[in-house]
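**Student:** predicted model follows, preceded by the sequence.
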Amino acid sequence: MSNDRIIPGMEQLEKENDAYAALIARRMAKVREFLKMSQQELADEFGTTQNLIYRLENGLKVSREMFTLIALYYVKRHKVSYEWLYNPEPEEEPNVPMFTNEVIKRQRINDQREAQRLALLHQFMEEISKVEQKPE
């Protein structure tokens with residue numbers, strides 16, 4: 001009897017995992033292109049070959065370690081948003097920022113807008129209070 005027992009549904013799970021990894025790989029390629037790096041330049045950063053980068057970006061088999069190293073390189077060195085990189089959708093969502101600094105900038109803008117709304121609401125409430133307090 002073989003130790004390689006087939007677990008029901010495992011083949012489907014592996015296919016889904018490969019499809020998810022391919023989406024992440026396409027995002028890695030998009031980041032590299034945005035940074036105006038060639039596959040060779042990225043390969044040089046890791047002491048590997050351009051062929052390996054090509055394989056990774058095209059969803060072909062590469063080691064999990066290299067896949068993870070390159071993903072972390074983008075996240076740590078180039079401030080790529082971890083959420084953007086690891087939560088790809090089959091259809092590209094145009095409003096999801098690629099870089100962490102974009103996320104922070106958008107959050108600051110949203111916080112400023114919220115502060116302005118609250119200030120206006122507070123001012124409005126004060127005006128209503130004044131009107132209600134005036135004797136008739």
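**Tutor:** Arrived safely.
**Student:** low-scoring stretches of this structure, by residue?
**Tutor:** Where the chain drops to pLDDT under 70, the residues are 1-6, 90-97, 100-108, 135-136.
**Student:** domain ranges for this structure, per the record?
**Tutor:** Domain assignment of the chain by automatic domain parsing yields the ranges 10-92, 99-136.
**Student:** chain center to the shortest one, what's the gap?
**Tutor:** For domain 99-136, the gap between its own C-alpha mean and the chain's C-alpha mean amounts to 30 Å (Cα atoms, centre = their mean, to the nearest Å).
**Student:** most tightly packed of the domains of the chain?
**Tutor:** Of the domains of the chain, the one with the most neighbours on average (mean count of other Cβ atoms under 10 Å) is domain 10-92, at a mean of 15. Just so you know, the C-beta spots here come from the backbone N, C-alpha and C atoms, and that holds for glycine as well.
**Student:** work out the gap between that domain and the centre of the chain.
**Tutor:** On Cα atoms, centre = their mean, the centre of domain 10-92 falls 12 Å from the chain's centre.
**Student:** give me the most central residue, this protein.
**Tutor:** W84 (1.0 Å; Cα atoms, centre = their mean).
**Student:** so where does that residue fall, helix or strand?
**Tutor:** W84 is part of helix 82-86 when elements are defined by DSSP states H and E.
**Student:** got the CA positions of that helix in PDB?
**Tutor:** Taking Å, rounded to 0.1, in the frame of the first residue of the first chain, the C-alpha atoms of helix 82-86 are listed here in PDB:
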ATOM      1  CA  TYR A  82       0.500  43.400   1.100                       C
ATOM      2  CA  GLU A  83      -3.300  43.400   0.700                       C
ATOM      3  CA  TRP A  84      -3.100  44.400  -2.900                       C
ATOM      4  CA  LEU A  85      -0.500  41.700  -3.700                       C
ATOM      5  CA  TYR A  86      -2.100  38.800  -1.900                       C
END
